[in-house]
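[1] Please find the sequence and the predicted model below.
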Amino acid sequence: MNSESPVSHGPPRLTGERGAGGIGHRWKELKVQDGARGALIAFFSTVVVFGVVTWVILSSSTWPAVRRQFFSVRHLREVWPAVWGGFALDVKMFIVAEVLILAFALLVAVIRSLRGPAFFPLRMLTIVYIDILRGIPLILLILILGFGVPALTLPGVPNDPVFWGVTALVISYSAYTSEVYRAGIESVHESQRSAARALGLTQWQALRFAILPQAVRNVVPALLNGLVSLQKDVALVSILGVREAVREAQIYNARTFNYTGLIAAAILFLIISVPAARFTDWYTARERRLRGGH
Amino acid sequence: MDEAKLRVRDLRKSFGSKVVLDGIDLDVAEHQLVCLIGSSGSGKSTLLRCVDLLEPIDSGSIWIDDEEITAPYVDPNAVRRRIGIVFQSYNLFPHMNVLDNVTLGPRRAHGIDRESAERRARELLERFGLADKVLVYPDQLSGGQQQRVAIVRALAAEPELLLLDEITAALDPELIAEVLDVIRDLKGQGLTMLLATHEMGFARDIADVVCFLDQGRILEQGPPSEIFSHPSEPRTRQFLERIIDAGRL
Ligand SMILES: Nc1ncnc2c1ncn2[C@@H]1O[C@H](COP(=O)(O)OP(=O)(O)OP(=O)(O)O)[C@@H](O)[C@H]1O
Ligand SMILES: [Mg+2]
């Protein structure tokens, strides 16, 4: 633990209103003692809190019913293959959608940040796209594309619900993600663009070699957050009847009135999204530390 | 026309209602070093940025050799490829190491292959005492080293004209001497340079022509001996007296 951190990151009131040096010093001492004792305290309070919660749940009169409905081993065995297979489809849709989103959103952000009157119509188009797509609930978009477009029975247009579900995810998420990229582009100082143009690079080359690498690096944490959220929203395509994990669990539930399948699906989603969220936090903290370093 | 490398005629530039360049006329002859002096806000940086077409101008014209670079049909990228500029704040690319910073222009704007670009970059870096910094990132360099890398980056594509904007402003005295030696060197090789500076001693030593800029106009220009010893304009005199008082001349 960096011994300076309690001073610099502590509540500003401590250092601001009273003498900075003295307080900072005491903070440091406290922190050193806390090292060993703090860990012990944290451990025992965790054990106590979780113990009490578990005891309350297990001893309640409804627990046996809850267990039968949600955590039945017998039902789990029966529903598992279907949910697991469905989850594999979720993961596939997620990966395809994420790759397309990262690429398409970048394209939209780049177009939106082009300078010069010649690009005005293109810029307008991206703004309209972003505003509209961010304003429509995702579930509505999935319904419109997934049921509406195939209903037109246009020649050559696919009617696969997986295709339309992923398409809806891509165009909706790209609208958000392009704004993330744009924030990154704007976070790079104007003088970097000048420096690149001064070398004789074109506008596009300046973006490609000087601006974008810095811009993307600045927004990796925000992109990771979007990724975690997409991983869950993939389940929304189940409303088109796509037999992914949630759909399979629902089908089983409708047949048996048991919810274990849904819990199994929830746990599968958690197994991916919790580590991803932890990774995002870890990465963000590390970036901040490295940047603060110089 | 004569052998002026750079010619500026009646250049005007405003930011909103603020007139920053108010009819600039300036000639820089081939192989000459011209120093722009003048108080803060007089328009030195803006003039340099206009010459590199980084700033749109309101009226007037800029010529390199006998080509008007402010003409509407001129490709500004092609013009910038012939001019090098070093910014006051270095503006190195923080995500690239020194070698990549230096070779970006030659490779991408001039289409020089990687190997030749890197060979030339290494030569230049060596000449400027940066041979051991080739693979280092800018944030690991001292201010003087960063400034020299910025100069090397501007030189890498062999510009016909080099613009230098207060390249010593952010440096301490030792490093200033180091960077000024570099400029002296370049002058020895016959590079044409236009340099904005607060280093009056340097301007006096090395400039062929000194231009005193005041409120967007060139009030006075001539050889340094004349400008520094017998300024004809009261404002120039005032400016120089202030500088002398501040112990900078
Ligand atoms: N992008 C801009 N937008 C608005 N005003 C600007 C802009 N750039 C420069 N100015 C103004 O133009 C004037 C001249 O600025 P400039 O940077 O050219 O001065 P300078 O002579 O280089 O000063 P210094 O010696 O401090 O570098 C200043 O008043 C400045 O506020
Ligand atoms: Mg300036």
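    Looks like it came in fine. Numbers count the residues shown, from 1 in each chain, chains lettered A, B, ... in the order given. Ligands and ions are numbered 1, 2, ... in the order given.
[2] which phi and psi does the closest residue to residue B:89 other than its chain neighbours have?
    Spatial nearest neighbour of residue B:89, excluding adjacent residues (CB to CB, 6 or more residues apart in numbering or on different chains): residue A:191 at 6.4 Å. Every residue, glycine included, has its C-beta placed from N, CA and C. When read as degrees, to the nearest 10, the backbone of residue A:191 gives phi -60, psi -20.
[3] Point out the residues in the stretch 51-200 of chain A that sit beside chain B.
    Taking CB under 8 Å from any CB of the partner chain as the criterion, the stretch 51-200 of chain A approaches chain B at residues A:191-192, A:194-200.
[4] Tell me which entries of these lie within helices.
    Among those, the residues falling in helices (DSSP state H) are A:191-192, A:194-198.
[5] Go through those residues and say which is closest to residue A:169.
    Taking CB to CB as the measure, residue A:169 sits nearest to residue A:192 out of those, at 33.3 Å.
[6] which residues sit in contact with residue 150?
    Since no chain was named, I'll use chain A. In this structure, residue A:150 makes contact with A:157-159, A:161, A:164, judged by CB atoms under 8 Å, 6 or more residues apart in numbering or on different chains.
[7] wrong one, I was asking about chain B
    With contacts taken as CB under 8 Å, 6+ apart, residue B:150 has the following neighbours: B:86-87, B:90-92, B:167.
[8] what's the residue most central in space within chain B sitting at in phi/psi?
    The geometric centre of chain B, computed from its C-alpha atoms, lies nearest to residue B:164 (CA atoms, centre = their mean), at 1.8 Å. Dihedral angles of residue B:164 (phi, psi; degrees, to the nearest 10) stand at phi -130, psi 120.
[9] How about the one 5 residues further on?
    Recorded main-chain torsions at residue B:169 are phi -60, psi -30, according to degrees, to the nearest 10.
[10] Hmm, residue B:196 and it touching each other?
    No. If you go by CB atoms under 8 Å, residue B:169 and residue B:196 don't touch, sitting 9.3 Å apart.
[11] what about those two, which has more around it?
    Under the criterion of other CB atoms under 10 Å in any protein chain shown, the comparison of residue B:169 against residue B:196 puts residue B:196 first, with 26 against 14.
[12] does that one have beta-bridge partners, and which?
    residue B:36, residue B:165 (DSSP bridges).
[13] Contacts only, for residue B:61.
    Shown in contact with residue B:61 (CB under 8 Å, 6+ apart): B:8-11, B:68, B:70-71.
[14] which of the residues you listed are buried?
    Those of those that meet the buried threshold are B:8-9, B:11, B:70, by 16 or more other CB atoms under 10 Å in any protein chain shown.
[15] What lies in contact with stretch B:3-11?
    The set of residues that contact stretch B:3-11 without belonging to it, under CB under 8 Å, 6+ apart, is B:1, B:21, B:23-30, B:32, B:47, B:50-51, B:57, B:59-65, B:160-161, B:192, B:194.
[16] taking the mean pLDDT, what do you get for it?
    pLDDT averaged over stretch B:3-11 equals 91, rounded to a whole number.
[17] Just give me the neighbour total for whatever residue of the stretch 51-200 of chain A ends up closest to ligand 1.
    Scanning the stretch 51-200 of chain A for the residue nearest ligand 1 gives residue A:190, at 8.8 Å (criterion: CB to the nearest ligand atom). Residue A:190: 10 surrounding residues under other CB under 10 Å.
[18] now residue B:232
    11.
[19] Is it correct that it falls within a helix?
    No. Residue B:232: not assigned to a helix; according to DSSP: H, G, I helix; E, B strand; the rest coil it is coil.
[20] Now the nearest residue to it once chain neighbours are set aside: phi and psi?
    The spatial neighbour of residue B:232 that comes closest, neighbours along the chain excluded (CB to CB, 6+ apart), is residue B:220 at 6.3 Å. Taking degrees, to the nearest 10, you get phi -160, psi 140 for the backbone angles of residue B:220.
[21] ok, how many other residues are close to residue B:220?
    Here the count is done by other CB under 10 Å, and residue B:220 has 20 residues near it.
[22] wait, what's in contact with it?
    Under the criterion of CB under 8 Å, 6+ apart, the neighbours of residue B:220 are B:211-212, B:227, B:231-233, B:236.
[23] buried subset of those?
    The neighbour-count criterion (16+ other CB under 10 Å) marks B:211-212, B:227, B:231, B:236 among these as buried.
[24] sorry, back to before: Throw the residues of the stretch 51-200 of chain A next to chain B into JSON lines and include neighbour count and distance to residue A:279, thanks.
    Rendered in JSON lines, the data for those read as follows (neighbours: other CB atoms under 10 Å in any protein chain shown; distance: CB to CB, whole Å):
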{"residue": "A:191", "neighbour count": "14", "distance to residue A:279": "33"}
{"residue": "A:192", "neighbour count": "19", "distance to residue A:279": "29"}
{"residue": "A:194", "neighbour count": "19", "distance to residue A:279": "36"}
{"residue": "A:195", "neighbour count": "28", "distance to residue A:279": "34"}
{"residue": "A:196", "neighbour count": "25", "distance to residue A:279": "32"}
{"residue": "A:197", "neighbour count": "22", "distance to residue A:279": "37"}
{"residue": "A:198", "neighbour count": "27", "distance to residue A:279": "39"}
{"residue": "A:199", "neighbour count": "29", "distance to residue A:279": "37"}
{"residue": "A:200", "neighbour count": "26", "distance to residue A:279": "40"}
